[in-house]
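> heads up, no residue letters with this:
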């Protein structure tokens, strides 16, 4: 009986220690957070354009002398942002942080595709909203893991 209690006790301690070690191993460190901030620079540079040039199925139709946005150019900028984020994310050691950066990049790809193939000229694009929702959730998770991102002096690439 005493041996069983000892085995159960040791097993419990080993499981707790293993859980702590696993949590610390994938926890973003300062270098990962700095690299994540670098990876997100294309996001910060591209997002104003995303909302300024909404897809044709979301934006109200141009009136009078309004100029039609260049959706192909906007899609190309978003695809480039996705590639730049992925390239920088490859350097992040934390698997969880890297996965969230990949989600941001994937969402940029989805935004890019939604510009080139709108679902309907009269209904909001589910692709656009799905992409921006996924992106916002991933950015939230990155900010939770690295609370100092976006504060103070920006990191240089």
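The structure has been received and is ready for your questions. Keep in mind that what you see is a predicted model, and the values were worked out from it rather than measured.
> name the element residue 69 belongs to?
With elements taken from DSSP states H and E, nothing contains residue 69; it lies in neither a helix nor a strand.
> what's the spacing between the nearest residue to it once chain neighbours are set aside and residue 128?
Leaving out its chain neighbours, the residue that sits closest to residue 69 by CB to CB, 6 or more residues apart in numbering is residue 53, at 4.1 Å. In this view, the C-beta of every residue, glycine as well, is placed from N, C-alpha and C. Taking CB to CB, to the nearest Å as the criterion, residue 53 is separated from residue 128 by 11 Å.
> how about residue 78?
Between residue 78 and residue 128 the distance, using CB to CB, works out to 11 Å.
> between these two, which contacts overlap?
With contacts taken as CB atoms under 8 Å, 6 or more residues apart in numbering, residue 78 and residue 128 have residue 111 as neighbours in common.
> the two: who's more crowded?
For residue 78 versus residue 128, neighbours defined as other CB atoms under 10 Å are more numerous around residue 78 (26 against 21).
> got the contact list for residue 74?
Shown here is residue 74, whose contacts under the criterion CB under 8 Å, 6+ apart are 49-50, 53, 115.
> go through those and name the one nearest residue 94.
Using CB to CB, the shortest approach to residue 94 within these belongs to residue 50, at 26.3 Å.
> who touches the residue nearest to residue 69 in this structure?
For residue 53, the contacting residues are 59, 69-71, 74, 115, taking CB under 8 Å, 6+ apart as the criterion.
> good, we can wrap up now.
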